[in-house]
Every structure is written in C-alpha cells, then in structure tokens.
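A.B. asks: structure here, sequence nowhere to be found:
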C-alpha cells in the first residue's frame, strides 16, 4: 500500500489520481470538494477494474483548483 499525504489551505475542489507511464488513470483516490485540512490517501495497488497493477513507475497527480502537482512513485510488488 502506498500512502499520499497532502494539505489544503482552504476549501477547494480536489482530484487525486494514480496514472501509469502512458498517462492512463489507474485509480482515483480523492475527488470532489474538500475542506481545509491535512489528508492521507492510500493506493492499494488495484486499478479501476479491481485488477492488480504490476510493478513499475506510476504517478500521483493532485489537482487542487487550477493547480496541479505530480509525484513519481515506484511500485515494487
């Protein structure tokens, strides 16, 4: 299980997704309007269909309002 921690300074619309190297969205970890605060989300390694994602490089993309941050992650198992 991989954990992502992020904080919001104010209430805003959030989308946190996991993407593969081809840009395909594997999973959505958070979506919708969220209050200000600190959040932890975990990816269990399953894609949207419930299949196990293989080992490799993945990206967490966090969109808050009109700002986007991308974090690289490596899945070993």
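C.D. replies: Thanks, I have it. Owing to the predicted nature of the structure, the values given are computational and were not obtained by experimental measurement.
A.B. asks: wait, what's in contact with the most far-flung residue of the chain relative to its centre?
C.D. replies: If you look at how far each residue of the chain sits from its centre, by C-alpha atoms, centre = their mean, the farthest one is residue 10, at 19.2 Å. If a contact means C-beta atoms under 8 Å, 6 or more residues apart in numbering, then residue 10 has residue 36 as its contacts. In short, each C-beta sits where N, CA and C put it, glycine included.
A.B. asks: pLDDT value on it, please?
C.D. replies: Confidence per residue is given as pLDDT, and for residue 10 that number is 95.
A.B. asks: going forward, count from 420.
C.D. replies: That works, and once the first residue is 420, the last one we named lands at residue 429.
A.B. asks: give me the neighbour count for residue 465.
C.D. replies: Around residue 465 sit 13 other residues, with neighbours defined as other C-beta atoms under 10 Å.
A.B. asks: so the residue lying closest to residue 467 once chain neighbours are set aside, which state does it fall into?
C.D. replies: Spatially, and ignoring its direct neighbours in sequence, residue 467 is nearest to residue 446 (6.0 Å; C-beta to C-beta, 6 or more residues apart in numbering). Secondary structure assignment for residue 446 (DSSP: H, G, I helix; E, B strand; the rest coil): strand.
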